[in-house]
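Novice: sequence and predicted model, in that order:
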Amino acid sequence: MNYQQQIESHLNPRFKVSEKREGIYQIAAPFYHEDGDMFEIFLKSDNSGSKVIISDYGMTLMRLSYSYEIDTANKEKVLNRIIACNHLNLRNGEIILETDMNHLENAIFQFVQTIAKISNMKLFQREVIQNLFFELLDQHITENLSQYHPQRNYYPIDEHDEYCVDYCFNDRPRPIFLFGVNNQSNARLVTISCLKFLQEKIPFKSVVVLESLDVLARKDLARLMSVADKQFPDFDDFKGNAVEYFIREYQSDK
């Protein structure tokens with residue numbers, strides 16, 4: 001049995017296999033881009049002969065670039081996140097997945113699902129970036145503000161865990177309560193929490209980091225800004241100015 005026959009024996013009969021170049025096989029399967037073209041799915045054996053490498057040979061990102069450029073750090077993070085979460089790899093623009101012959105069909109479905117997500121990045125980028133926002137915020141605080149001893153998930157009122165502060169910087173006379181905000185419900189909860197802390201006469205200074213200004217309606221933004229002592233309008237602004245802000249705040253305590 002030759003290699004093409006081995007491939008065919010492990011796939012649904014609806015999948016057609018053709019040799020494109022020596023040792024490289026293309027799968028024709030009923031998976032389509034929006035314009036009606038089939039997904040580009042290529043197979044080849046690895047050097048040891050024990051693994052099958054599924055690849056798009058760079059076609060997915062090339063096709064995506066016609067309507068949507070990966071031209072910012074955030075977009076690149078989203079792309080890498082999609083690939084990593086689906087257990088694929090990106091090498092010089094080529095999306096690949098390694099498997100073995102016994103798991104080939106399931107791996108092709110996994111590969112196709114990931115290609116579909118990447119091909120539609122422009123449609124759901126906001127959702128993915130929202131999921132990334134708190135991860136990026138935590139990473140920046142951990143790496144750049146650790147000297148101020150941030151305490152994550154701080155509860156200023158005993159027995160009231162509905163009022164939570166994302167990060168408390170508590171080693172100063174008036175603690176800094178820092179909140180990340182990336183959607184409407186989150187903004188309203190932060191507003192309510194700050195009002196409750198004021199009502200309880202808890203000394204604090206509130207800092208709000210928005211994912212971006214356009215995540216909130218005008219009224220929600222106005223209510224949030226009315227209780228916040230300091231606002232960073234987006235994560236990039238926080239990343240660029242947080243260290244200077246904390247230096248200034250801590251110096252003012254001396």
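Specialist: Yep, that arrived.
Novice: contacts, neighbours, all on C-alpha from now
Specialist: OK.
Novice: before we move on, which element is Asn80 in?
Specialist: Using DSSP states H and E, Asn80 sits within helix 73-85.
Novice: helices or strands next to the helix or strand that that helix is followed by in the packing?
Specialist: Using DSSP H and E, the next helix or strand after helix 73-85 towards the C-terminus is strand 89-91. Strand 89-91 makes packing contacts with helix 73-85, strand 94-99 when contacts are defined by 3 or more CA pairs under 8 Å, 6 or more residues apart in numbering; DSSP states H and E.
Novice: pull out the buried residues from the helix holding Asn80.
Specialist: For helix 73-85, a neighbour-count test (16 or more other CA atoms under 10 Å) marks 75, 78-80, 82-83 as buried.
Novice: what about Asn12, how many neighbours?
Specialist: 10 (other CA atoms under 10 Å).
Novice: let me know the secondary structure of it.
Specialist: coil (DSSP: H, G, I helix; E, B strand; the rest coil).
Novice: check the spacing between it and Asn106 real quick.
Specialist: Per CA to CA, to the nearest Å, Asn12 is found 11 Å from Asn106.
Novice: what do you get for Glu94?
Specialist: In terms of CA to CA, Glu94 sits 20 Å off from Asn106.
Novice: with neighbour numbers in mind, choose between the two.
Specialist: Using other CA under 10 Å as the criterion, Glu94 and Asn106 rank with Glu94 on top: 15 against 12.
Novice: can you tell me the closest non-neighbouring residue to that one?
Specialist: Nearest residue to Glu94 in three dimensions, chain neighbours excluded: Gly58, at 4.1 Å (CA to CA, 6 or more residues apart in numbering).
Novice: just to check, the one you found is in contact with Ile96?
Specialist: No: Gly58 is beyond contact range of Ile96, at 9.3 Å (criterion: CA atoms under 8 Å).
Novice: give me the contact list for the helix or strand that contains Leu189.
Specialist: Element membership for Leu189, per DSSP H and E: helix 184-199. With contact meaning CA atoms under 8 Å, 6 or more residues apart in numbering, helix 184-199 is reached by 156, 163-164, 179, 181, 206, 215-217, 220-221, 223-224, 227-228.
Novice: one more pass at 10 Å, please.
Specialist: The contact list for helix 184-199, computed with CA atoms under 10 Å, 6 or more residues apart in numbering, reads 156-157, 162-166, 177-181, 200-206, 208, 210, 215-217, 220-221, 223-228.
Novice: for the protein, what spans make up the strands?
Specialist: 16-21, 24-28, 42-45, 52-55, 89-91, 94-99, 150-154, 165-169, 176-181, 205-210, 230-232 (DSSP state E).
Novice: who does the third one pair up with?
Specialist: Same thing as strand 42-45. strand 24-28 (antiparallel), strand 52-55 (antiparallel) (DSSP bridges).
Novice: could you look over these and pick the most buried one?
Specialist: strand 52-55 (a mean of 22; mean count of other CA atoms under 10 Å).
Novice: now the nearest residue to Arg223 once chain neighbours are set aside: how far from Glu211?
Specialist: In this structure, Arg223 finds its nearest non-sequential neighbour in Thr191, 6.9 Å apart by CA to CA, 6+ apart. Distance, Thr191 to Glu211, by CA to CA: 16 Å.
Novice: before we move on, what about Leu97?
Specialist: The separation that Leu97 has from Glu211, given CA to CA, amounts to 33 Å.
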